[in-house]
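**Q** when you get a sec, could you give me coordinates for this:
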Amino acid sequence: MRFLRPALAIFSALLAFTTAFTAWAREPSPEEIGELEALIDDGNLEAAAELRAGFFFDDIDSPAVDAQTMRLQYYKQDYDAAFSIAEKLLAANPRHAMALNTRGLVKSQRGDSAGALADFDAAIAADAGYGKAHFNRAGLLCAQQQYAAADASYVAAIETIPDKGGVYQARISCLITAEQATAAIGVATDWYQWFPNWDALRYRSEARRIAGDRDGAYADRLRSYAMYGSRNDENSVVARNMLDEGEADMALELLNAQIAKHPDNQYLYLERGEILDALYRDHEALADFNRAFTKVDNVTQPMRSRSMALRGFIKLKRGDKAGATADFDRAIAYDATDPVGWFGRGSVALEARDYDAAIAAIGKAVEILPGNVLYSTMLGAAQKKGR
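**A** Numbering: from 1, shown residues only. Next up is the predicted model:
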């Protein structure tokens with residue numbers, strides 16, 4: 001018996017390990033898959049990776065697990081891994097809409113626009129209600145300046161994606177790029193009617209400004225600030241438009257008065273930083289940007305994109321290329337439709353004599369804002385040097 005007890009103990013430990021291993025290796029429930037999908041959709045990739053590692057064992061043969069792992073790898077920018085999993089899923093089911101959509105995204109990243117469009121079309125043919133394929137198809141067509149087809153796809157995406165805000169935003173941006181500001185006003189109005197929010201008003205304000213309706217633009221800007229809860233009053237709106245019209249000194253005077261009344265409002269420091277930058281007061285602008293970004297969560301991403309890019313240019317002028325590059329990359333991540341971050345990234349590449357990268361980045365800025373003389377001139381210089 002004395003010798004049997006260790007053997008029994010070992011057997012019990014092995015049994016416990018086998019039981020735990022089996023539980024760990026089980027296929028996850030639909031609720032767990034849904035939780036993983038939600039984390040990926042929200043961009044919380046670190047938490048998604050932890051959930052994936054904690055719940056799911058690599059050897060499980062589960063299309064549901066593979067599909068979410070594929071998406072996770074794509075958003076982590078491991079495009080080879082995402083493509084490989086997509087191919088595996090499509091080998092088993094050629095009409096797997098999510099796999100077709102993800103493979104299309106990878107092809108788009110690799111510059112294969114025709115292949116990407118074919119995959120998005122195949123995903124829609126397999127599942128006409130798969131809104132993400134409509135959305136990605138629209139973005140690709142807009143980049144190719146096929147604006148009518150892009151808008152039709154955005155309409156389909158709005159009809160099929162429950163969280164429509166991002167789709168409305170992208171559709172408006174595409175219409176503005178296509179110089180269809182009046183149509184963009186109508187879409188922003190539809191967005192606001194679907195869900196009244198400050199972002200819809202902010203986009204409608206910009207579309208109205210481009211269309212020449214300055215009074216309407218001011219009114220929407222005021223209402224958007226009120227909904228955002230930034231405590232900005234009409235003076236800060238006037239200051240923003242003064243800056244747009246070249247009256248930076250008067251804009252600064254108004255913003256100083258606003259900050260005196262609301263010193264804890266981080267958004268005001270971003271606005272004043274832009275004004276100080278326009279006045280070539282770099283040191284003060286940098287201080288305002290840094291102060292605002294210490295509480296960056298209080299400012300929504302599109303709002304902080306321009307300020308982040310301007311801070312990058314200040315760093316670039318001071319010789320901090322690494323800091324500038326990081327700021328330009330964040331600016332693009334915050335709002336890829338703002339050309340300043342792209343121009344900044346191209347400027348760094350141009351200084352480094354990486355002409356291919358400079359042409360790609362500055363070309364993106366020109367694509368977003370084709371009428372900008374500086375962007376077009378710099379793009380021409382990069383192309384000439386890159387020959």
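**Q** residue 351: neighbour count?
**A** Neighbourhood size, residue 351 [other C-beta atoms under 10 Å]: 12. (C-beta placed from N, C-alpha, C; glycine too.)
**Q** that one contacts residue 321, correct?
**A** Yes: counting by C-beta atoms under 8 Å, residue 351 does reach residue 321; the two are 7.2 Å apart.
**Q** residue 83: neighbour count?
**A** Neighbour number of residue 83 under other C-beta under 10 Å is 21.
**Q** could you check the distance from it over to residue 102?
**A** Counting by C-beta to C-beta, to the nearest Å, the gap from residue 83 to residue 102 is 8 Å.
**Q** do residue 252 as well
**A** From residue 252 to residue 102 the distance is 48 Å (C-beta to C-beta).
**Q** equivalent analysis for residue 182, please.
**A** Residue 182 is 36 Å from residue 102, by C-beta to C-beta.
**Q** any regions of this structure where pLDDT drops low?
**A** Flagging of the chain using pLDDT under 70 yields the residue ranges 1-27, 54-61, 222, 225-238, 240-241, 244-245, 295-303.
**Q** who are the packing partners of the helix or strand that contains residue 305?
**A** Element membership for residue 305, per DSSP states H and E: helix 301-317. Using 3 or more C-beta pairs under 8 Å, 6 or more residues apart in numbering; DSSP states H and E, the elements in contact with helix 301-317 are helix 266-278, helix 282-293, helix 321-334, helix 339-351.
**Q** could these be laid out in TSV, adding distance to residue 177?
**A** Listed next are the helices and strands packed on helix 301-317 as TSV, based on distance: least, C-beta to C-beta, whole Å:
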stretch	distance to residue 177
helix 266-278	23
helix 282-293	27
helix 321-334	16
helix 339-351	11
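**Q** for the ones you listed, which one sits closest to residue 33?
**A** helix 321-334 (27.1 Å; C-beta to C-beta).
**Q** give the buried residues for the helix holding residue 305.
**A** Neighbour-count burial for helix 301-317, counted by 16 or more other C-beta atoms under 10 Å, picks out 303-316.
**Q** check stretch 194-208 too.
**A** 198, 199, 200, 201, 202, 203, 204, 205, 206, 207, 208.
**Q** what does stretch 366-374 contact?
**A** Contact partners of stretch 366-374, identified using C-beta atoms under 8 Å, 6 or more residues apart in numbering, comprise 143, 177, 337, 338, 339, 342, 343, 365, 375, 376, 379.
**Q** give me that answer again for 7 Å
**A** The contact list for stretch 366-374 (C-beta atoms under 7 Å, 6 or more residues apart in numbering) reads 177, 337, 339, 342, 375, 376, 379.
**Q** considering those residues, which possesses the most neighbours?
**A** residue 342 leads these on contacts (other C-beta under 10 Å) with 26 neighbours.
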